[in-house]
Structure formats: structure tokens, C-alpha cells
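Colleague: model this:
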Amino acid sequence: SSYGEVVRSAFGERMEEGVSWLLFIFLLFVLAAYMVLIRDIWTPLVGLAMGGEVDGDRMLMGIIVIMLPFLFQRSLHALRWNCYIGFG
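Modeller: Numbers count the residues shown, from 1 in each chain. Coordinates of the predicted model:
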């Protein structure tokens, strides 16, 4: 069961919608923090590898474009190889 199902059974449908909105807002903030972290980590590394200055916003857009196909997977099972590579 999900958070929404538990809240619906305990407090009703209106609270389920409220919890869904809270989770959505929380995930937006997490996504923004993740993007700042990725930009701050990878921009200097790529700048050192290329031997010059790299624009952080362009770096972030490049990483988003590279990761875009992974965002459209239908199941988490399809992403298991990413997990193996990440832990390797």
C-alpha cells in the first residue's frame, strides 16, 4: 500500500489528495537539490578534464539529456543495470 492509500483509509479522500500534493512538492525540492549537487560536482571535473572553463548550466543540461532515456522506463527492473554500474 502507498502513503495515499493509508491516508485515505484513515482520514478520507481529501487528506489523500493533500498528502499527494505534499509528496509532489517534497520531490520537487529534492529534484532541485539533486540538480544543484550534480552541477556543482561535475562542472569542475569536466573543466579539469577539458582543460578550460565549463558553463555549469550547460553541463547540467547535458547531463539531463544523457539521463533522459532512463526517466522513461516502465519499471524499476529495467534500471537494474544502472544500479550495478553505480555500485561497481
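
Colleague: ok, Ala78 to Tyr84 distance?
Modeller: Distance, Ala78 to Tyr84, using C-beta to C-beta, to the nearest Å: 13 Å. The C-beta positions use only the backbone N, C-alpha and C, and glycine is treated the same way.

Colleague: between these two, what contacts are shared?
Modeller: Shared contacts of Ala78 and Tyr84 (C-beta atoms under 8 Å, 6 or more residues apart in numbering): none.

Colleague: Contacts only, for Leu68.
Modeller: Here Leu68 is in contact with no residue (C-beta under 8 Å, 6+ apart).

Colleague: For it, which three-state class applies?
Modeller: helix (DSSP: H, G, I helix; E, B strand; the rest coil).

Colleague: Please renumber the chain so that the first residue is 47 from this point on.
Modeller: Sounds good: first residue 47 from here, last item Leu114.

Colleague: elements contacting the helix or strand containing Leu68?
Modeller: For Leu68, the host element (DSSP states H and E) is helix 59-96. Judged by 3 or more C-beta pairs under 8 Å, 6 or more residues apart in numbering; DSSP states H and E, helix 59-96 is in contact with helix 49-57, helix 102-113.

Colleague: Show me what the shortest one is packed against.
Modeller: Right, the one you point to is helix 49-57. Judged by 3+ C-beta pairs under 8 Å, 6+ apart, helix 49-57 is in contact with helix 59-96.
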